[in-house]
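Visitor: Give me a 3D structure for the following:
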Amino acid sequence: MQRNSNVSQGALVLLALAVAIFIPVLASGYWDLHLAESTTDPARAAGLFESAAGRLFWRADLWERAGLSALEAGRPQEALRLLGRAGQLSARGRMALGAAYAQTDQLDLALEAYQSALSQGASPEIYAGLANVQRQRGDVEAERAALQNQLLLKPQDAPAQYRLGLLLSLVDINAALNHLQFASQLDPEYAPVFETLRSALTLAELSPSETGRLVALGRGLGLVGEWTLAAQAFQSAVEADAGNAEAWAWLGEAKQHLGQDGGADLHQALALNPESVVVRGLRGLYWKRLGDDRQALVEVQAAAILEPENPAWKASLGETYARLGNLISALANYQRATELAPNDAVYWRLLATFCAEYAVQVQEVGLPAAHKAVELVPKDAQALDVLGWSQLSQGQFYTAEQTLLAALKLAPDDALARLHLAMTYLQEGKRTDAYDQLRRAVDLDPNGAAGQQAAQVLKQYFP
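Guide: Numbers count the residues shown, from 1 in each chain. Predicted coordinates for the structure are as follows:
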């Protein structure tokens, strides 16, 4: 009897110890869960959900919630680790798994995850994920199919309508225009892009040859920054007609925008037709990007000989000569551009900019050119900016300030105009105002020329 009593007492002690250990762990787990559900910081939520999952071991769903939070926090590797511990995932969890795999360039596994999610029921979000993976894989046909399925479930998705329109432009221009137009109706931000593409696609449709159609299509896609699709169009163009020099030249241009060299394609273009102004012009851009201004000059000179009345080539010659330090020839070519196009404000503005940047005949040539540009386009922020800059260089500080303020009223996010206004304020002794404008210029253009120059001025005047 005594022995049984001792056993019972031992069991009670063990039970008490278990309760003493388990209850605090349980309470801590629920507290972590409460904090995770309350925080707006996804990174913190991920850690709290993981902590709660470790304590509330029967709540396997918390591992999925931790993974979802980690993905939201931009930590795909962590999301993969957490989701991997969740066991059976929901459709949302499988989509998150697919997104995490896609963000870590594990595209085959991403595809499997999204297809697994699809087996639990179709949704526009799953098809959107599939489309993204197929886009990364470069499978245009599969991406197109995924977008079509996505839009069957959610036709009011403007970005999806736009993307499908782009993809269809390679195979069905009329269908492409319908989707692009619908995207512009759903979201006015797509309206300017739609107008550009409509003109380009219409021009492509009118081309008498397949190669011409593809080149026109590729150029249109390039105009709106869709260089991957543009490269595909140009590649198809050279496959349709390997003797078409312009197709080769545009293929080289597209490759440069995609981070590739493109030189071999441009050299092939020159070999096929050295008398093509398109080939010469694109080769000039190629050498300019490589920093070889002398070779760029050769190409631009050739283009200018082929089209002697085209002011664009004169302006390009002016820019190239300026980079080479030949300011006399640069000025002459910029002036010739304005003579060829006296009613085009762009060339007057370029002439004024050259004069202000290189301090060449600002009073005699640059300032009158800037006034002419503003006269032609009085509501153009860039024209007003270069006028203000020219006035500043001539010591007309108050006038420059008013002109630059007018420019910024039209284009508040113009970092260059803010830099010029800051320099004007420094000349006027308005240091606080100058500092504010310089900081704003850096914020607007942190990696650009205006932003970097503003940063240098800040360092010089406000160390």
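
Visitor: List the single closest residue to residue 280 in space, sequence neighbours excluded.
Guide: residue 303 (4.1 Å; CB to CB, 6 or more residues apart in numbering). Every C-beta, even on glycine, is put in place using the N, C-alpha and C of the backbone.

Visitor: can you pull the buried residues of the helix or strand hosting that neighbour?
Guide: Following DSSP states H and E, one finds residue 303 within helix 293-306. Within helix 293-306, the residues that qualify as buried by neighbour count (16 or more other CB atoms under 10 Å) are 293, 296, 297, 299, 300, 301, 302, 303, 304, 306.

Visitor: The stretch 301-450 of the chain: helices as residue ranges?
Guide: For the stretch 301-450 of the chain, helices defined by DSSP state H, counting those that start in this stretch occupy the ranges 311-323, 327-340, 345-358, 367-376, 381-393, 397-410, 415-428, 431-444, 449-461.

Visitor: Off-centre distance for the helix holding residue 303?
Guide: 30 Å (CA atoms, centre = their mean, to the nearest Å).

Visitor: now do stretch 229-246
Guide: 25 Å.

Visitor: Would you mind giving the buried residues of helix 293-306 as JSON lines with pLDDT and distance to residue 356 added?
Guide: Output for the buried residues of helix 293-306, formatted as JSON lines (pLDDT from 0 to 100; distance: CB to CB, whole Å):
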{"residue": "293", "pLDDT": "96", "distance to residue 356": "21"}
{"residue": "296", "pLDDT": "97", "distance to residue 356": "23"}
{"residue": "297", "pLDDT": "97", "distance to residue 356": "23"}
{"residue": "299", "pLDDT": "97", "distance to residue 356": "27"}
{"residue": "300", "pLDDT": "97", "distance to residue 356": "22"}
{"residue": "301", "pLDDT": "97", "distance to residue 356": "26"}
{"residue": "302", "pLDDT": "97", "distance to residue 356": "29"}
{"residue": "303", "pLDDT": "97", "distance to residue 356": "26"}
{"residue": "304", "pLDDT": "97", "distance to residue 356": "24"}
{"residue": "306", "pLDDT": "97", "distance to residue 356": "31"}
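
Visitor: Near the closest residue to residue 315 other than its chain neighbours, how many other residues are there?
Guide: Once flanking residues are discounted, residue 315 sits nearest to residue 337: 4.4 Å by CB to CB, 6+ apart. Residues near residue 337, counting by other CB atoms under 10 Å, number 25.

Visitor: element containing residue 115, please.
Guide: Counting by DSSP H and E, residue 115 is part of helix 107-118.

Visitor: Other residues contacting the helix or strand following that helix?
Guide: In the C-terminal direction, the helix or strand that comes right after helix 107-118 (DSSP H and E) is helix 124-137. Under the criterion CB atoms under 8 Å, 6 or more residues apart in numbering, residues 91, 95, 98-99, 102, 105, 107, 110-111, 114-115, 117-118, 140, 142-143, 146-147, 149-151, 153-154, 157, 160, 163 lie in contact with helix 124-137.

Visitor: and if you look at stretch 318-337?
Guide: 284, 288, 293-294, 296-297, 300, 311-312, 314-315, 317, 347, 350-351, 354-355, 357-358, 360-361, 365.
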